[in-house]
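Q: here's my sequence, what's the structure:
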Amino acid sequence: MQPETYTLMHRMYCVASDKREIEIVLRRFKEIFEGTKCSDKRDDKFDAAWSLSCMAGLYARLCEPFLAERCYIDAISLFEANEMSLNAATICVALARFLWEQGKVDNAEAMLRMNIVYLVRHWGTGNHHVLDAEEELLHFQNTGQMIEAHLHHWCKACNIDDFGVGFDFEDSDRAER
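A: Take a look at the predicted model:
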């Protein structure tokens, strides 16, 4: 696809607001998937996986959790099969957030673990992207909450105090009341 097509499809994805509009955009992504899924070209393989990931988000907006989860998983598999680890990692996080919102905490944690695996494949161990993903997983395990590591500067549960304020100020604040 041409860069303009990605931009157009992304805009359509973002602005679709009611069921009818979402279904129209979903049909377009299905057409992209059907037209590229059997191709041997790397760009087409990306388009097929990308369209599946977009379909997942659209199914989630249509309150079709089974179809959304299936599309996320299929997109990850396609990205992985075509050695696009960074893309697979990105969709793992999206699926983890989706599963977390569905109350499937164990499955969400498993996807955050897979995110790390894909990031290590792409960046190698010790890279700051991998370290951030590990921090996000640890926070999830400690609190059950999804975060973005670059916003994770003070967290009692994870013993992170980048501001140097300490963790006892909450207790002293309560004592003043």
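Q: low-confidence bits of this protein, can you list those?
A: 169-177 (pLDDT under 70).
Q: can you give me the strands for it?
A: Using DSSP state E, the strands assigned to the chain run over residues 154-155, 160-161.
Q: mind putting the ones you listed into CSV with mean neighbour count and distance to residue 13?
A: The C-beta positions use only the backbone N, C-alpha and C, and glycine is treated the same way. Below are the strands of the chain laid out as CSV (neighbours: other CB atoms under 10 Å; distance: least, CB to CB, whole Å):
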stretch, mean neighbour count, distance to residue 13
strand 154-155, 16, 33
strand 160-161, 14, 35
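Q: can you list these in a markdown table and add distance to residue 102?
A: As requested, the strands of the chain are exported to a markdown table (distance: least, CB to CB, whole Å):
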| stretch | distance to residue 102 |
| --- | --- |
| strand 154-155 | 24 |
| strand 160-161 | 28 |
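Q: OK, contacts around the nearest residue to residue 159 once chain neighbours are set aside?
A: The shortest distance from residue 159 to any residue other than its chain neighbours is 7.9 Å, reached at residue 167 (CB to CB, 6 or more residues apart in numbering). Going by CB atoms under 8 Å, 6 or more residues apart in numbering, residue 167 touches 156, 159, 161.
Q: closest one of the residues you listed to residue 47?
A: Residue 47 lies nearest to residue 159 out of the contacts of residue 167, by CB to CB, at 43.6 Å.
Q: could you report the separation of the closest one from residue 114?
A: Distance from residue 159 to residue 114, counting by CB to CB, to the nearest Å: 25 Å.
Q: find out how far stretch 93-100 is from the centre of the chain, if you would.
A: Here stretch 93-100 is found 6 Å from its chain centre; the criterion is CA atoms, centre = their mean, to the nearest Å.
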